[in-house]
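1. Sequence plus the predicted model coming up.
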Amino acid sequence: VLYRQARVLEERLDYYSQFNPSPLSMQQFTDFGENATNSDSFMFLRKELPVRLANIMKEFNLLPNKLLHMPSVEAVRDLYRQSFLDLLHFQDGIGPVTTTTLDKFTDALVKIRNRHSDVVMTMAQGVMELKEAHAINANTEANIQYFLDRFYMNRISIRMLINQHTILFGDSVNHQNHIGCIDPHCDVVKVIEDSYSNARFLCDQYYLASPELVLRCHNADKTAVSVVYVPSHLYHMLFELFKNAMRAVVEHHGAASDTFPPIDVLLVMGQEDLTIRLSDQGGGIPRSVMDFLFNYMYSTAPQPAVSGLDTPPLAGYGYGLPLSRLYARYFHGDLQVTSCDGYGTDTIIYLKALSSEANELLPVYNKTCQRQYSTPVQTHDWSSQAHSALFVRPFSTS
Ligand SMILES: O=S(=O)(c1ccc(O)cc1O)N1Cc2ccccc2C1
């Protein structure tokens, strides 16, 4: 039976991976949320979810074998196979779609969401297993960086579709005047203040001190800054950036200092971009270390056995910045970091000001991506004296 199931799985993977994922616009998410029926959503998701799963499952096969066969990576691939098989029970041709079918589908989505809840950590463990088992060359490192950005973006998008369906048509709690997990009038100042105060609470708990927040807003039409967005995504990004900035300021000035320079936040509603800039005076970092901030290989710090009292709450397995950047990029925004070594760091979140421009950004399994895995990293076409980057293993915050 297992052999037959494996054959069916491979054949279905080939079938669904032929289709490109269909990126939804914020407009479609909100229109769908307001007008679609449970059955409409079912008819869309029973095809789109297997397509998105199959696209990334096929890309796993392009990974370097040494990563592919790490125990944690094998475990994640098994989760994806199981969830893909679960969804095959609902594909076209199963006969009439009854309310029972719809209820079973929603239950299956909840089961899949729970099954995959620890995948980010498990993949990070896979990277750690690889680092401990093999020497990693530049090509492998580039392929891991490329894959994990696409893998985590694919996961963000699948969880977004599942959350919309379960909130709109399942038992998940629904915020009044939200459409699924989207707030059509997301109050950006409120999310900035909430994420700051929660990061500050952690900072006070650990360092017994924390920097103040100075918030300035610019909006041409003088109204409050609001945007059609997923508040939990914006909160996730801001919470991460505030934790980094607070840790930098307190550690740079010494926890015993009775005053700290504040974290300055500038919020601007432009014509095209909604910009949130955090500026800290935490001493900054040199350009030679900057790239490590978003690097999965170097941000994977060996996890202390148990994060107890001695583990700074702001330090984790270190994927906070790369994941936050993916959340920003998911709806065609971005997250950038600019530092002045010896002074401090600016981190900028760019969101689309117009919901008509906020579309999903999805990885696609195609010839271009396959070439990416076989093309060696850029060989140098500029010459210079060798220079030694101060090999400071950068801080890893959660
Ligand atoms: O690299 S950083 O400039 C830095 C990086 C990201 C960010 O969001 C804010 C930052 O400030 N910075 C993090 C950190 C931690 C402990 C001690 C000193 C520093 C300096």
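-> Received, thanks. Since we're looking at a predicted model, the values are computed, not measured. Numbering: from 1, shown residues only.
2. element containing the spatially most central residue of the chain?
-> Nearest residue to the geometric centre of the chain (C-alpha atoms, centre = their mean): residue 323, 3.5 Å. Using DSSP states H and E, residue 323 sits within helix 320-330.
3. Residue 267 too?
-> With DSSP H and E as the criterion, residue 267 is inside strand 263-269.
4. From the chain's centroid, how far away is that strand?
-> Relative to its chain's centre, strand 263-269 lies at 22 Å (C-alpha atoms, centre = their mean, to the nearest Å).
5. And for the helix or strand just after that strand, what's in contact with it?
-> Downstream of strand 263-269, the next assigned helix or strand under DSSP H and E is strand 273-280. With contact meaning C-beta atoms under 8 Å, 6 or more residues apart in numbering, strand 273-280 is reached by 188, 192, 211, 225, 227, 238, 241-242, 244-246, 248-249, 261, 263-268, 333, 344-353. Using the backbone N, CA and C atoms, a C-beta is placed for each residue, glycine as well.
6. The strand holding residue 267 near the ligand at all?
-> No: figure legend: strand 263-269 not in contact with the ligand (C-beta under 6 Å from any ligand atom); closest approach 9.3 Å.
7. tell me what that strand is packed against?
-> Using 3 or more C-beta pairs under 8 Å, 6 or more residues apart in numbering; DSSP states H and E, the elements in contact with strand 263-269 are helix 188-207, strand 213-219, helix 231-253, strand 273-280.
8. quick one, the third one and helix 320-330 angle?
-> Which is helix 231-253. 140 degrees (axes from the mean of the first three to the mean of the last three C-alpha atoms, to 10 degrees).
9. Please name every helix or strand in contact with helix 231-253.
-> strand 183-187, helix 188-207, strand 263-269, strand 273-280, helix 320-330, strand 344-352.
10. in the longest one, what's buried?
-> When you say that, I think you mean helix 188-207. 188, 191, 192, 194, 195, 196, 199, 200, 202, 203, 206, 207 (16 or more other C-beta atoms under 10 Å).
11. Export those as JSON lines, with columns for distance to the ligand.
-> Shown next, in JSON lines, are those (distance: C-beta to the nearest ligand atom, whole Å):
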{"residue": "188", "distance to the ligand": "18"}
{"residue": "191", "distance to the ligand": "17"}
{"residue": "192", "distance to the ligand": "14"}
{"residue": "194", "distance to the ligand": "18"}
{"residue": "195", "distance to the ligand": "12"}
{"residue": "196", "distance to the ligand": "13"}
{"residue": "199", "distance to the ligand": "11"}
{"residue": "200", "distance to the ligand": "15"}
{"residue": "202", "distance to the ligand": "14"}
{"residue": "203", "distance to the ligand": "12"}
{"residue": "206", "distance to the ligand": "12"}
{"residue": "207", "distance to the ligand": "11"}
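12. Arrange the residues you listed in a markdown table, one row each, with distance to residue 126 and pLDDT as further columns.
-> Shown next, in a markdown table, are the buried residues of helix 188-207 (distance: C-beta to C-beta, whole Å; pLDDT from 0 to 100):
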| residue | distance to residue 126 | pLDDT |
| --- | --- | --- |
| 188 | 36 | 98 |
| 191 | 32 | 98 |
| 192 | 34 | 98 |
| 194 | 33 | 98 |
| 195 | 29 | 98 |
| 196 | 33 | 98 |
| 199 | 29 | 98 |
| 200 | 34 | 98 |
| 202 | 28 | 97 |
| 203 | 31 | 97 |
| 206 | 29 | 94 |
| 207 | 32 | 95 |
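13. what's the offset of the biggest helix by length in the chain from the middle of its chain?
-> Looking across the chain with DSSP state H, the single longest helix is helix 138-169. From the chain centre to the centre of helix 138-169 is a distance of 7 Å (C-alpha atoms, centre = their mean).
14. Between helix 231-253 and it, find me the angle.
-> Using the same axes, to 10 degrees, helix 138-169 lies at 130 degrees relative to helix 231-253.
15. elements contacting helix 138-169?
-> Against helix 138-169 (3+ C-beta pairs under 8 Å, 6+ apart) you get helix 26-35, helix 38-60, helix 65-68, helix 99-115, helix 119-133, helix 296-299, helix 320-330, helix 367-374.
16. for these, which one sits closest to residue 358?
-> Nearest to residue 358, of all the helices and strands packed on helix 138-169, is helix 26-35, at 4.0 Å by C-beta to C-beta.
17. So which elements touch the closest one?
-> helix 38-60, helix 138-169, strand 226-229.
18. buried residues in the longest helix of the chain?
-> Along helix 138-169, these residues count as buried under the neighbour rule (16+ other C-beta under 10 Å): 140-169.
19. That helix vs helix 367-374, what angle?
-> Using the same axes, to 10 degrees: helix 138-169 against helix 367-374 is 140 degrees.
20. what residues does the protein put near the ligand?
-> When proximity is defined as C-beta under 6 Å from any ligand atom, the chain approaches the ligand at 241, 244-245, 247-248, 251-252, 280, 282-285, 293, 337, 339, 345, 347, 395.
21. Try it again at 5 Å.
-> Within the chain, the positions near the ligand by C-beta under 5 Å from any ligand atom are 241, 244-245, 247-248, 251, 280, 282, 284-285, 339, 345, 347, 395.
22. If any of those residues are buried, put those into a ChimeraX selection.
-> A single ChimeraX command is used to select the members of the residues of the chain next to the ligand judged buried by 16+ other C-beta under 10 Å:
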select :241,244,245,247,248,280,282,284,285,339,345,347,395
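23. Need the residues of the chain next to the ligand in TSV (columns: distance to residue 327).
-> Below are those laid out as TSV (distance: C-beta to C-beta, whole Å):
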residue	distance to residue 327
241	11
244	15
245	18
247	20
248	21
251	26
280	20
282	23
284	24
285	22
339	21
345	19
347	13
395	21
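24. Noted, bye for now.
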